[in-house]
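pasting the structure only:
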């Protein structure tokens, strides 16, 4: 019996052979090199079309002397923000012909930030993207010196590294301004852990919105991002002390609504609740949750753009942010008292 060989994706060398040019010429055509004869360029492009050649990361790596791989260090990956960010970055990188090598670290993991950086560098990456939402993690990162272009996913500008983020402070401000616009004057804040940059920025936005409106600012309650904490807070919240609560994430908002409901407190009849993140299930909460939506797809595309610019030699430290959007649903209404 004869051996039947399966189809194999054509390589840059197969295209070169078909076009009767060197593989370096094919590479130059793929990279838009100007010093290529029009007739040669047309022959290579025709060969690419005839062979249904798809430019792979390996071919680009041969042409550019790059690994075409970005190392992503993810702190606290089980949380919605970091998890969504790395998935968005992976999608954007794939579309641009880059691969992602990701390493996760957390409080429950023996692998720490510095170990994660070493692991990624040894894999041969062109740049690092660090999703380090906690101040303690960033402090450890600064002790590392890799020589690689590095981008932080962080809402505050950084003097040493490129940064990209969704504007957390602006998101908190539009959430609180919405409550003020519908008539609320006593607005509490259920904050996230204040070691987290996002939690700090959201608390700052809440505080600034109240200050701009000349309203009293109570001490925020500091939670841990979990629905369980929100539930416990809902069990003890003095509903006479506030007509609305801005929760720093949707999970705590969900627990808060549950805890209040178990006490017979109506949302939004007795108190309004706003969350942050717009979880996929937020529209199905009871009541559907008013919240702040983060565009993670846009964040992934922005982060990749900045990373590629850094790889290609951009030396000026850049800081760019994506604007969030308020999603108004049924958990907010004018106060009854």
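Looks like it arrived, so ask away. Here the structure is a predicted model, which means the values were calculated and not measured.

quick one: the helices in the stretch 51-200 of the chain?
Secondary structure of the stretch 51-200 of the chain (DSSP state H, counting those that start in this stretch): helices at 57-64, 80-95, 113-122, 135-141, 168-181, 197-212.

Quick one, which of the ones you listed gets closest to residue 35.
Of all the helices of the stretch 51-200 of the chain, helix 57-64 sits nearest to residue 35, with 14.7 Å by C-beta to C-beta. C-beta coordinates here come from the backbone N, C-alpha and C atoms, glycine included.

Now the closest one: average pLDDT?
Here helix 57-64 scores 50 as its mean pLDDT.

Check stretch 104-112 too.
Averaged over stretch 104-112, pLDDT sits at 64.

go on, stretch 245-253?
What stretch 245-253 shows for mean pLDDT is 98.

contacts for that stretch?
Residues from elsewhere that reach stretch 245-253 (C-beta atoms under 8 Å, 6 or more residues apart in numbering): 80, 172, 175-176, 179, 187-192, 198-199, 202-203, 206, 223, 225-227, 229-230, 233, 237, 256, 271-279, 282, 285, 289, 291, 331.

Let me see the confidence value for the residue nearest the centre of the chain.
The centre of the chain sits closest to residue 85, judged by C-alpha atoms, centre = their mean, with a distance of 2.7 Å. In this model, residue 85 is scored at 93, pLDDT.

from what I can see it touches residue 131, true?
Yes. Counting by C-beta atoms under 8 Å, residue 85 touches residue 131, with 5.3 Å between them.

any idea where the strands of this protein begin and end?
69-75, 99-105, 127-131, 150-153, 162-166, 187-191, 221-222, 244-247, 272-274, 291-293, 319-322, 325-327 (DSSP state E).

mind checking which of those is nearest residue 121?
Nearest to residue 121, of all the strands of the chain, is strand 69-75, at 7.1 Å by C-beta to C-beta.

where in the stretch 1-150 of the chain is pLDDT low?
1-11, 31-33, 53-67, 107-111, 114, 143-146 (pLDDT under 70).

could I get the strands of the chain as TSV with mean neighbour count?
Formatted as TSV, the strands of the chain follow (neighbours: other C-beta atoms under 10 Å):
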stretch	mean neighbour count
strand 69-75	25
strand 99-105	18
strand 127-131	26
strand 150-153	25
strand 162-166	25
strand 187-191	24
strand 221-222	16
strand 244-247	30
strand 272-274	28
strand 291-293	25
strand 319-322	18
strand 325-327	16
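
returning to what we had before: which residues do residue 85 and residue 131 both contact?
74, 153.

Include distance to residue 262 when you put the helices of the stretch 51-200 of the chain into TSV, please.
As requested, the helices of the stretch 51-200 of the chain are exported to TSV (distance: least, C-beta to C-beta, whole Å):
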stretch	distance to residue 262
helix 57-64	53
helix 80-95	24
helix 113-122	40
helix 135-141	35
helix 168-181	23
helix 197-212	26
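
Just tell me which of those helices ends up closest to residue 307.
That would be helix 80-95 among the helices of the stretch 51-200 of the chain, by C-beta to C-beta, at 8.4 Å.

Measure how the closest one sits relative to strand 99-105, angle-wise.
Interaxial angle, helix 80-95 versus strand 99-105 (axes from the mean of the first three to the mean of the last three C-alpha atoms, to 10 degrees): 160 degrees.

What are the buried residues along helix 80-95?
Using 16 or more other C-beta atoms under 10 Å as the test for burial, helix 80-95 gives 80-86, 88-93.

quick one: which two of those are the most distant?
80 and 93 (20.4 Å).

ok, residue 162 - contacts?
Listed by C-beta under 8 Å, 6+ apart, the contact partners of residue 162 are 149, 150, 151, 152, 306, 307, 310, 317, 318, 319.

no wait, residue 148
With the criterion set at C-beta under 8 Å, 6+ apart, residue 148 makes contact with 71, 121, 125, 126, 127, 128.

Give me the neighbour count for the closest residue to residue 96 other than its chain neighbours.
Nearest non-adjacent residue to residue 96, counting by C-beta to C-beta, 6 or more residues apart in numbering: residue 304, 6.0 Å away. Counted with other C-beta atoms under 10 Å, the neighbours of residue 304 add up to 26.

out of the helices of the stretch 51-200 of the chain, nearest to residue 295?
helix 80-95 (8.8 Å).

helices or strands next to the closest one in the packing?
Packing partners of helix 80-95 (3 or more C-beta pairs under 8 Å, 6 or more residues apart in numbering; DSSP states H and E): strand 69-75, strand 99-105, strand 127-131, helix 296-311.

per-residue confidence for the residue nearest to residue 96?
pLDDT recorded at residue 304 is 92.

Just the buried subset of the contacts of stretch 245-253, please.
80, 172, 175-176, 179, 187-192, 198-199, 202-203, 206, 223, 225, 227, 229-230, 233, 237, 256, 271-279, 282, 285, 289, 291, 331.

so what's residue 310 closest to, chain neighbours aside?
Distances taken as C-beta to C-beta, 6+ apart place residue 149 nearest to residue 310, at 3.4 Å, with adjacent residues excluded.
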